[in-house]
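Undergrad: sequence plus predicted model, see below.
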Amino acid sequence: MAATGSEKQGTKAYYVSTPIYYVNDAPHLGHAYTTVAGDVLTRWHRQRGEKVWYLTGTDEHGQKIMRTAEANGVTPQEWCDKLVEEAWKPLWEHLGIANDDFIRTTQKRHTDRVQEFVQDLYDKDEIYKGGYEGPYCVGCEEYKLPGDLIEAEDGTKLCPIHKKPVEILKEENYFFKLSEYGPKLLEFYEANPGFIQPESARNEVVNFVKQGLQDLSISRSTFDWGIPIPWDDKHVIYVWVDALLNYATAVGYNENPAKFEETFPANVHLVGKDILRFHAVIWPAMLMAQGLPVPGRVAANGWLMVGGEKMSKSNLTGIKPQDLTSHFGVDAYRWYFLRAIAFGSDGSFSWEDFTARYTSELANDYGNLASRVAAMVGKYFGGALPAATADGDAEKAIHEGLAKAVATADAKIGEELDFQGGILAIFDFVKQVNGYITEQEPWKVAKDESEEGRARLATILYTAAESLRAVAVLLNPIMPETSQALWASLGAEASLGALAAQPVQSSATWGQLPAGATVTKGAVLFPRLEDPKKD
């Protein structure tokens, strides 16, 4: 039985990957959704004090890329270079993605290692030469089973994902003995029930493997845009074998043993559900064949839907993330999709829903709370945070509410990949603090100038400010820019150090914001939206 990523802890990095994305076009919301989720997950683990490695990149070989480049009158390499440097990398920087590496499958560090991996399988008699004929989707870069296809009104067989006609290909290829790994995979799934998430995705994969696996064609001979088969340069390596190996080549496979040992395998592969089988069937089988450890988890997110259709360029529903960030801001963008959609489920996007959630939860509940607290500390205590000396049952409830929020958010986001559940726990606490201020009415307490009145007012405002200190820590992986602004406005930067260094678990420890910290009312965290766009 192959080891899993979850069994290799200790000094091992918490390794998270996105899919490597096809560069046949510019990125859209669907690509950004997965990448932001990975960024939040790895930022969360960094704030646990863990060593983290976050990988993303681009998939640049295959027939789809070649045809796209030809249609644009450039070579495939020129097309990939242009898209990567002008579209993909700039978007990740714009969205604040803190990836540790960006791999391109045309890089020599990748291509050489892929050839070595495949040659090793060939030498082990895991690969043989044979012929194959079947329906092929260029968009998926995959042979389809006849039962997977859908039929157009005129009887044409279509790819169920791209809704485009498949091509019948017949060629002599090299095959990986995938069929021999069906029983091993089923045994592995049973022993590691959390390997595939969500449960519906796991059930789909298990049922697929139980039906019996076919050997996998791992080469193509009808085009040449790919990595040559080392023992037969008339063939190039199948783009999905090439692509999956990035998770190993990027962290030093056959090149940097120390790096590989402390990083591989991935703890979490984040993937779209349309590429689940590649990651949950083919990838672990390839690793088993090489005697390498299997990843800890393959988490399949759902599709973003617009008008009932999966968001993509091919059906003209691909919305650019910049269309939203220019209106709502980057932090709100990062927050919205993880808040609005349960990770693993399909979700629909609309301007109206984004606008409503932004106004209600970000601007009114959270942003307004931060502004009110800063304004009252400034008005009643000259901007110097007072000490809390009159705690009572109301404050105890806040302390308990924070501890619950931290525990829930840490479990949901850090372990379960339930980003929505974690965010809701944090914002439930924000609502609790708002309710606390409403009930305690500090503006009325301020009229009592007695020693008891001043102590009570100080306690209320300290409780609110300390609550915001904890919220800034909890929301930093999700909304780093506004969290940093709140951190600075509370005077925490000077007294507690950098926000990113604050452990998420310790945010539940009450009383970290010292009395006397300088609280300032900065710019509004979430400004009122002007002229909301419509569909």
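TA: Nice, I can see it. Residues are numbered from 1 along each chain as shown.

Undergrad: tell me the phi and psi of Q214?
TA: Backbone torsions of Q214, given as degrees, to the nearest 10, read phi -100, psi 150.

Undergrad: burial measure for it, as a count.
TA: Applying other C-beta atoms under 10 Å, we find 14 residues neighbouring Q214. Where you see a C-beta, it was placed from the backbone N, CA and C, and this is true even at glycine.

Undergrad: would you agree it is in contact with K177?
TA: No - with contact defined as C-beta atoms under 8 Å, Q214 does not count as touching K177 (10.4 Å).

Undergrad: C-terminal to the helix or strand of the chain with the lowest mean pLDDT, which secondary structure element comes first?
TA: Lowest on mean pLDDT, DSSP states H and E among the helices and strands of the chain sits strand 309-310, with a mean of 60. Moving toward the C-terminus from strand 309-310, the first helix or strand encountered (DSSP states H and E) is helix 321-328.

Undergrad: got the CA positions of that next one in PDB?
TA: Extracted as PDB, the C-alpha positions of helix 321-328 are listed here (Å, rounded to 0.1, in the frame of the first residue of the first chain):
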ATOM      1  CA  PRO A 321     -12.000  38.600 -12.600                       C
ATOM      2  CA  GLN A 322     -10.900  42.200 -13.200                       C
ATOM      3  CA  ASP A 323     -14.500  43.000 -14.200                       C
ATOM      4  CA  LEU A 324     -15.400  42.400 -10.600                       C
ATOM      5  CA  THR A 325     -12.400  43.600  -8.700                       C
ATOM      6  CA  SER A 326     -12.600  47.000 -10.400                       C
ATOM      7  CA  HIS A 327     -16.000  47.400  -8.900                       C
ATOM      8  CA  PHE A 328     -16.000  45.500  -5.600                       C
END
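
Undergrad: for it, name the packing helices and strands.
TA: Applying 3 or more C-beta pairs under 8 Å, 6 or more residues apart in numbering; DSSP states H and E, one finds that helix 321-328 contacts helix 29-46, helix 89-94, helix 330-340.

Undergrad: and it, average pLDDT?
TA: For helix 321-328, mean pLDDT rounds to 94.

Undergrad: residues in contact with it?
TA: Here helix 321-328 makes contact (C-beta atoms under 8 Å, 6 or more residues apart in numbering) with 27-29, 32, 91, 94-95, 333, 336, 354, 358, 529, 532-533.

Undergrad: just the buried residues from those residues, in ChimeraX please.
TA: Entered in ChimeraX, the line below selects the buried ones among the contacts of helix 321-328, by 16 or more other C-beta atoms under 10 Å:
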select :27,28,29,32,91,95,333,336,354,358,529
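
Undergrad: pLDDT and distance to Y54 for the contacts of helix 321-328 - can I get that in CSV?
TA: Shown next, in CSV, are these (pLDDT from 0 to 100; distance: C-beta to C-beta, whole Å):
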residue, pLDDT, distance to Y54
P27, 91, 17
H28, 88, 21
L29, 90, 20
A32, 94, 15
L91, 97, 16
H94, 98, 17
L95, 98, 13
Y333, 98, 19
Y336, 97, 21
F354, 95, 26
Y358, 97, 27
L529, 91, 31
P532, 49, 33
K533, 47, 32
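
Undergrad: output the contacts of helix 321-328 as CSV; include the columns distance to F117.
TA: Listed next are the contacts of helix 321-328 as CSV, based on distance: C-beta to C-beta, whole Å:
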residue, distance to F117
P27, 28
H28, 31
L29, 33
A32, 30
L91, 30
H94, 34
L95, 32
Y333, 38
Y336, 40
F354, 43
Y358, 46
L529, 50
P532, 51
K533, 47
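
Undergrad: so which of the contacts of helix 321-328 comes closest to S507?
TA: Closest to S507 out of the contacts of helix 321-328 is Y336 (22.7 Å), distances taken as C-beta to C-beta.

Undergrad: so which strand or helix has the residue nearest to that closest one when sequence neighbours are not counted?
TA: Leaving aside its sequence neighbours, Y336 sits nearest to F354 (C-beta to C-beta, 6 or more residues apart in numbering; 5.5 Å). Using DSSP H and E, F354 sits within helix 351-357.

Undergrad: list the buried ones in that helix?
TA: Those would be 351, 354-355, 357, for helix 351-357 by 16+ other C-beta under 10 Å.

Undergrad: surely A266 and P19 touch.
TA: No - counting by C-beta under 8 Å, A266 sits too far from P19 to count as a contact (11.7 Å).

Undergrad: ok, back up a step: TSV for the helices and strands packed on helix 321-328, including distance to V118?
TA: Compiled in TSV, the helices and strands packed on helix 321-328 are given as follows (distance: least, C-beta to C-beta, whole Å):
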stretch	distance to V118
helix 29-46	27
helix 89-94	28
helix 330-340	37
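
Undergrad: OK, contacts around I437?
TA: Going by C-beta under 8 Å, 6+ apart, I437 touches 369, 372-373, 460, 464.

Undergrad: what's next to stretch 47-55, contact-wise?
TA: 11-18, 38-39, 42, 45-46, 98-103, 246-247, 250-251, 262-263, 266, 410, 414, 473, 476-477, 500, 502-505.

Undergrad: equivalent analysis for stretch 488-506, please.
TA: 44, 46-49, 370, 374, 385, 406, 409-410, 414, 465, 468-469, 472-474, 476-477, 480, 483-484, 487, 512-514, 517-522.

Undergrad: now with 6 Å, please.
TA: Defining contact as C-beta atoms under 6 Å, 6 or more residues apart in numbering, one finds that stretch 488-506 is touched by 47-49, 374, 410, 465, 469, 473, 476, 484, 487, 514, 517-520, 522.

Undergrad: now list the buried members of those residues.
TA: 47, 374, 410, 465, 469, 473, 476, 484, 487, 517-519.

Undergrad: give me every residue that touches the closest residue to F429 other than its chain neighbours.
TA: Nearest non-adjacent residue to F429, counting by C-beta to C-beta, 6+ apart: A405, 3.9 Å away. Going by C-beta under 6 Å, 6+ apart, A405 touches 425-426, 429.

Undergrad: in what helix or strand does A405 lie?
TA: helix 393-409.

Undergrad: for T18, same thing?
TA: Here T18 sits within strand 14-22, counting by DSSP H and E.

Undergrad: can you name every helix or strand that that strand contacts?
TA: When contacts are defined as 3 or more C-beta pairs under 6 Å, 6 or more residues apart in numbering; DSSP states H and E, strand 14-22 packs onto helix 29-46, strand 52-59, strand 268-272.

Undergrad: what does the first one rub up against?
TA: The reference is to helix 29-46. The contact list for helix 29-46, computed with C-beta under 6 Å, 6+ apart, reads 14, 16, 18, 21, 52, 54, 56, 97, 270, 301, 304, 311, 319, 321, 334, 337, 413-414, 477-478.

Undergrad: what's the answer for the shortest one, then?
TA: In this structure, residues lying in contact with strand 268-272 by C-beta under 6 Å, 6+ apart are 16-19, 34, 38, 279, 295, 297-300.

Undergrad: pairing partners for it, with directions?
TA: Applying DSSP bridges, strand 268-272 is found paired with strand 14-22 (parallel), strand 298-301 (parallel).

Undergrad: give me the contact list for the last one.
TA: Just to be clear, that refers to strand 298-301. For strand 298-301, contacts defined as C-beta under 6 Å, 6+ apart pick out 34, 196-197, 201, 268-271, 273, 276, 279-280, 343, 417.
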